[in-house]
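The following block contains a protein sequence and its predicted model.
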Amino acid sequence: MKNRDIVFSHIVGWIVYILYELLSVAATAGLRGPLYHFPIYYLCYIGLFYFHAHVVLDYAFFRTGRPYIVSGVLIVLEASVFFICKAALDFVMPGMKKGLDVLLGEPYFLANLFREIFYIGFSSGYWAMRYMIRFKDRNHKMETEQLKNIASALELQNKYISVENAFLQNQISPHLLFNSLSFIYTSVRRLSDKAGRGVMLLSELMRYSLVTGDDAESVLLSREVEQIENLINLSRLRQEEHFYLQFGRKGRLAGKKVIPLLLITLVENAIKHGELGDRKMPVKISLVAVEDQLSFQTTNKIRVSSPYKKGGLGLKNLQKRLANAYPGRFTFDFGERDGLFIVSLKIIL
C-alpha cells in the first residue's frame with residue numbers, strides 16, 4: 001500500500017471513530033461545552049496515539065536491549081506528562097471549570113487516566129498489528145530470497161553438470177585431432193620438410209591452447225614465450241618471402257608465471273591485423289621482465305585490407321581476464337596512432 005493510501009485510510013478511520021463516539025455520547029449523556037473544544041482535545045489524544053506507537057514503542061523495542069522494562073518506564077512518564085499538559089489546557093480553556101479542587105480531585109484524575117489508558121492501549125494494539133504486518137512481510141521477503149537462492153543454486157548446478165558433460169564428451173576431440181595431425185605430419189614430411197614443420201608447429205600450438213586453457217590458472221612465462229616463437233615460425237612458413245617481424249626479449253624469464261594464452265593472444269592479434277610485408281615498418285614485439293614486473297608491447301602497421309573482422313573483442317575479453325587475475329596490478333592500453341596499432345601491457349606479477 002502506498003503512503004498516500006495509508007494516510008487516507010487513517011484520516012477516514014479517525015473521522016468514523018470520532019463521529020461514532022460523539023453521536024454515542026450525545027444520545028446517552030448529551031454533549032457539554034463549546035463545539036470548538038472537541039477538535040482541540042481530539043487532536044491532543046490523536047497526537048498521544050501516534051507518539052506512543054511511533055516514538056515510545058519503536059524506541060523501546062527496536063533500539064534498547066530491555067524493551068519491556070524501558071517501555072513500562074516510558075509509558076509512566078508519557079502518561080504523567082500528558083496528564084499535566086491536559087490539566088494545563090483545561091485550566092486555560094474557556095468554558096472549563098478552573099478550580100484547583102476540580103483539577104486535583106479524584107473524579108477528574110480518574111476520568112483523564114481512563115481516557116489516557118484507552119488511547120495508549122488503542123495505540124499499542126495498532127503498533128502490534130503494524131509490527132506483525134511488517135514482520136510477516138520481512139519473513140515473506142526472506143523466504144522469497146531463500147527460494148531464489150535455492151533456484152539459482154540448482155540452476156548453477158545444472159549448468160555445471162551440463163558443462164562438465166560437454167567437457168567430457170569433447171575430450172575425444174583433442175586426442176582425435178592430435179592423432180590426425182601426427183599422421184598428417186608423418187605423411188607430409190616425406191613430401192616436404194617445410195609442410196611437415198608447419199604441421200608440427202600447428203600441433204604444438206593447438207596442444208598448448210587446448211590443454212593449457214582447460215583449467216590452468218597460470219603457466220610458466222618461458223612456456224608462453226616458447227609458444228609465441230612457434231606462432232611466429234608458423235606464420236613465417238606461410239609467407240616466408242614477405243614476413244618482417246622483430247621479437248625482442250630482455251630480462252630473466254625463469255620462475256615467472258602468467259595466466260595462460262595472455263601474451264600469445266596479443267602476438268596473434270598483431271600478426272592477424274598487422275602489415276607483415278613492409279620492410280621499413282615491421283611488426284615489433286617487445287618483452288621485458290625485470291624482477292616482478294613484466295612489460296609487453298606490440299606495434300604493427302595497420303593492414304589496409306584484412307580478411308579478419310576488426311572489432312577488438314579479443315582485446316576486451318583479455319582486459320577482463322587481466323582484471324580478474326591482476327586486480328590493481330596492471331595497465332593495459334591499446335589503440336591507433338599515426339597508422340600504427342600499439343598494444344602496451346604492464347603487470348606486477
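That came through fine. Numbering: from 1, shown residues only.

Residue 7 - how many residues pack around it?
Using other C-beta atoms under 10 Å, residue 7 has 10 other residues around it. To be clear about C-beta, it is placed using only N, CA and C from the backbone, and glycine gets the same treatment.

name the element it belongs to?
helix 3-28 (DSSP states H and E).

And residue 300, by the same measure?
strand 293-301.

so what strands line up beside that strand?
strand 283-290 (antiparallel), strand 340-348 (antiparallel) (DSSP bridges).

sorry, back to before: what residues of the helix holding residue 7 count as buried?
Buried positions in helix 3-28, judged by neighbour count with 16 or more other C-beta atoms under 10 Å: none.

tell me the SS of the nearest residue to residue 25 once chain neighbours are set aside?
Among residues not flanking residue 25 along the chain, residue 31 sits closest, at 6.2 Å (C-beta to C-beta, 6 or more residues apart in numbering). Secondary structure state of residue 31, per DSSP: H, G, I helix; E, B strand; the rest coil, is coil.

so how far is residue 330 from residue 31?
83 Å (C-beta to C-beta, to the nearest Å).

circling back: now do the strand holding residue 300: distance to the chain's middle.
How far strand 293-301 lies from its chain's middle: 34 Å, per C-alpha atoms, centre = their mean, to the nearest Å.

How about exporting the very next helix or strand once past that strand as PDB, limited to the C-alpha atoms?
Per DSSP H and E, the first helix or strand lying C-terminal to strand 293-301 is helix 313-325. C-alpha atoms of helix 313-325 as PDB (Å, rounded to 0.1, in the frame of the first residue of the first chain):
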ATOM      1  CA  LEU A 313      36.600  -8.200 -28.900                       C
ATOM      2  CA  GLY A 314      39.600 -10.400 -28.200                       C
ATOM      3  CA  LEU A 315      41.400  -7.500 -26.500                       C
ATOM      4  CA  LYS A 316      38.400  -6.500 -24.400                       C
ATOM      5  CA  ASN A 317      38.000 -10.100 -23.200                       C
ATOM      6  CA  LEU A 318      41.700 -10.200 -22.400                       C
ATOM      7  CA  GLN A 319      41.200  -7.000 -20.400                       C
ATOM      8  CA  LYS A 320      38.500  -8.700 -18.300                       C
ATOM      9  CA  ARG A 321      40.900 -11.700 -17.700                       C
ATOM     10  CA  LEU A 322      43.600  -9.300 -16.600                       C
ATOM     11  CA  ALA A 323      41.200  -7.600 -14.200                       C
ATOM     12  CA  ASN A 324      40.300 -10.900 -12.600                       C
ATOM     13  CA  ALA A 325      43.900 -12.200 -12.400                       C
END
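
Could you check the angle helix 313-325 makes with strand 340-348?
10 degrees (axes from the mean of the first three to the mean of the last three C-alpha atoms, to 10 degrees).

Give me the contacts around helix 313-325.
217, 259, 262, 265, 266, 269, 330, 332, 334, 343, 345, 347 (C-beta atoms under 8 Å, 6 or more residues apart in numbering).

For this structure, just list every one of the helices.
3-28, 37-51, 58-62, 67-92, 100-103, 106-170, 172-189, 193-215, 221-238, 263-273, 313-325 (DSSP state H).

And the second one, what's buried?
Going back to what we said before, that points to helix 37-51. For helix 37-51, by 16+ other C-beta under 10 Å, it's 37, 45, 46, 48, 49.

In space, what's closest to the third one - neighbours in sequence excluded?
For residue 46, ignoring the flanking residues on the chain, the nearest one in space by C-beta to C-beta, 6+ apart is residue 14 at 6.4 Å.

how far away is the one you found from residue 200?
91 Å.

Check residue 341 too.
30 Å.

Neighbour count: these two, which is higher?
residue 341 (22 against 18).

you'd agree the more buried one is up against residue 300?
Yes - here residue 341 reaches residue 300: they are 5.5 Å apart, a contact under C-beta atoms under 8 Å.

Pass me the low-pLDDT residue ranges in the stretch 201-349 of the chain, would you?
203, 210-216, 240, 305-313 (pLDDT under 70).

can we see that at 90?
201-220, 223-224, 226-244, 252-256, 259-281, 291-292, 302-326, 334-339, 349 (pLDDT under 90).

do the same with the stretch 1-150 of the chain
1-43, 45, 47-49, 53-68, 70-72, 74-75, 79-150.

Of the strands paired with strand 293-301, which is nearest residue 131?
strand 340-348 (54.2 Å; C-beta to C-beta).
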